[in-house]
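> Build the 3D model from these lines:
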Amino acid sequence: MPLIPLVGHRELRRQLIDAASRGSLPASLLLHGPRGVGKQRLALWLGQYLLCTAPAEDPRPCGRCEHCRFAASLAHPDLRWFFPRPRTESDASLSDVLDDLGEGLSERLANEGLYAPPSGTEGIFVASVRALVHLAAQTPAMANRKIFIVGDAERMVPQEGAEFAANAFLKLLEEPPADTAIILTTSEPGALLPTIRSRVVSVRVPLMPEKDVRELIEMPKFSAALDQTDLPHSVSERVRLAAGAPGLLLGAQTRRDATSTAAALLQAADGSLSPPDRVKAVMSLGASRSRGHFTDALDALTAMLRERARGALGRGDTPGALAASRAIDLVLEARLRANGNVSPQLLASHLVRELTGRLS
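Numbers count the residues shown, from 1 in each chain. Model prediction:
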């Protein structure tokens, strides 16, 4: 079953095609923009375009050649899509990593490439980075080039003792082989390591116009996926809620739950809650809630604090911006510790204590 067709971003596609036809498309590219606008689907389209063997005078990707058919079904051996997955052992073998990615690809392909955001416990861990670097050093298996797509690249998790893999990946970004293109995508470019951002050419992917959002939402597969949620059934209401980013509608309930928990933790740290309500906010992260929910809430809390920092800067409130930035560091530290065997309640309680007084 092929991926759902790419909708929208026509002008950006034209620019990418023009750069590729002139031989000026960067070998290491970063597609960034709002969450839910289809950056990874756009990256897959670009990978298919680069692999397509249709005559130069024909529209590409043609969708008919062998390379296009394999790419559209995520079966092309020279088009590799890495994205956040559950933690694997750092010494996992290449075959183990590829088997795990294959499982993830099968899940996404079963829904024609429609998927909810990854859980907060999922990431791009060192074994995946090592596998990517290893594959990049090999010759293409079928085409005349290799394409690597790294979705949600901000989820690349630094791990102690993995400096060699990290340095090898940075070198790959800086000087990829002549037959290799690397496309990273992120909704949070500020969360990417500066050493990564400095080695890629950034291209912003904008929000989609209402006409394109409607076209996507009216596709049977997309509509059926949304019917499994608690969203309104009206197409017009769904278009309104999407606000230019239809991918946000997938997994909307999970995102609302995470945002609600993050808001409660922020209120507890702000001093906006009474002591009993503060305890209640922390205890809501009980054993019945998954560790993934807690890390999702920490991600939402980070986004809230970044918005607070931007707002403070806009008002000329430098102390407020610095306080929010320091708070972000504390949340990111908690986010890293959440990957270990730590009680979400205890970690949330410690985080609230650390944040109290810094934001009020």
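
> got a pLDDT number for Phe148?
Listed pLDDT for Phe148 reads 98.

> Which strand or helix spans Asp296?
helix 291-314 (DSSP states H and E).

> Now that helix: average pLDDT?
On average, helix 291-314 scores 82.

> what comes up buried for that helix?
Judged by neighbour count using 16 or more other Cβ atoms under 10 Å, the buried positions of helix 291-314 are 291-306, 308-309, 312. In short, each C-beta sits where N, CA and C put it, glycine included.

> Surely Thr186 is in contact with Arg35?
No - judged on Cβ atoms under 8 Å, Thr186 makes no contact with Arg35 at a distance of 9.4 Å.

> between these two, who's got more neighbours?
Remark: of Thr186 and Arg35, Thr186 carries more neighbours, 24 against 15, as counted by other Cβ atoms under 10 Å.

> Which residue ranges make up each domain of the protein?
Listed domain ranges for the chain are 10-206, 212-249, 252-355 (source: automatic domain parsing).

> Now distance to Pro2 too, for these, in CSV please.
What follows is the domains of the chain, written out as CSV (distance: least, Cβ to Cβ, whole Å):
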stretch, distance to Pro2
domain 10-206, 4
domain 212-249, 11
domain 252-355, 25
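
> quick one on the thing from earlier: for the helix holding Asp296, list the C-alpha coordinates in CSV.
Provided in CSV are the C-alpha atoms of helix 291-314 (Å, rounded to 0.1, in the frame of the first residue of the first chain):
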residue,chain,number,x,y,z
ARG,A,291,6.0,7.2,31.5
GLY,A,292,5.3,8.4,28.0
HIS,A,293,2.5,10.7,29.2
PHE,A,294,5.0,12.3,31.6
THR,A,295,7.6,12.9,29.0
ASP,A,296,4.9,14.2,26.6
ALA,A,297,3.9,16.7,29.4
LEU,A,298,7.5,17.7,29.8
ASP,A,299,7.7,18.4,26.1
ALA,A,300,4.6,20.5,26.3
LEU,A,301,6.0,22.3,29.3
THR,A,302,9.2,23.1,27.4
ALA,A,303,7.1,24.6,24.6
MET,A,304,5.1,26.7,27.1
LEU,A,305,8.3,28.1,28.6
ARG,A,306,9.8,28.8,25.2
GLU,A,307,6.7,30.8,24.4
ARG,A,308,7.0,32.6,27.7
ALA,A,309,10.6,33.5,27.0
ARG,A,310,9.7,34.8,23.5
GLY,A,311,6.9,36.9,25.0
ALA,A,312,9.3,38.3,27.7
LEU,A,313,11.8,39.3,25.1
GLY,A,314,9.1,40.9,23.0
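
> So which elements touch that helix?
Under the contact criterion of 3 or more Cβ pairs under 8 Å, 6 or more residues apart in numbering; DSSP states H and E, helix 291-314 touches helix 252-270, helix 318-337, helix 344-355.

> any chance of these in CSV, with distance to Tyr115 too?
As requested, the helices and strands packed on helix 291-314 are exported to CSV (distance: least, Cβ to Cβ, whole Å):
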stretch, distance to Tyr115
helix 252-270, 12
helix 318-337, 22
helix 344-355, 25
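
> worst average pLDDT in those?
Among the helices and strands packed on helix 291-314, helix 252-270 carries the lowest mean pLDDT (a mean of 78).

> what comes up buried for it?
So, applying 16+ other Cβ under 10 Å, buried residues of helix 252-270: 252, 254-255, 258-259, 261-266, 268-269.

> Tell me which stretches of the stretch 151-300 of the chain form helices.
With DSSP state H, counting those that start in this stretch as the criterion, the stretch 151-300 of the chain has helices at 163-174, 194-197, 210-217, 220-227, 235-242, 252-270, 275-283, 291-314.

> Using TSV, please lay out those together with distance to Gly113.
Listed next are the helices of the stretch 151-300 of the chain as TSV, based on distance: least, Cβ to Cβ, whole Å:
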stretch	distance to Gly113
helix 163-174	25
helix 194-197	25
helix 210-217	12
helix 220-227	9
helix 235-242	17
helix 252-270	18
helix 275-283	37
helix 291-314	22
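
> Great, nothing more from me.
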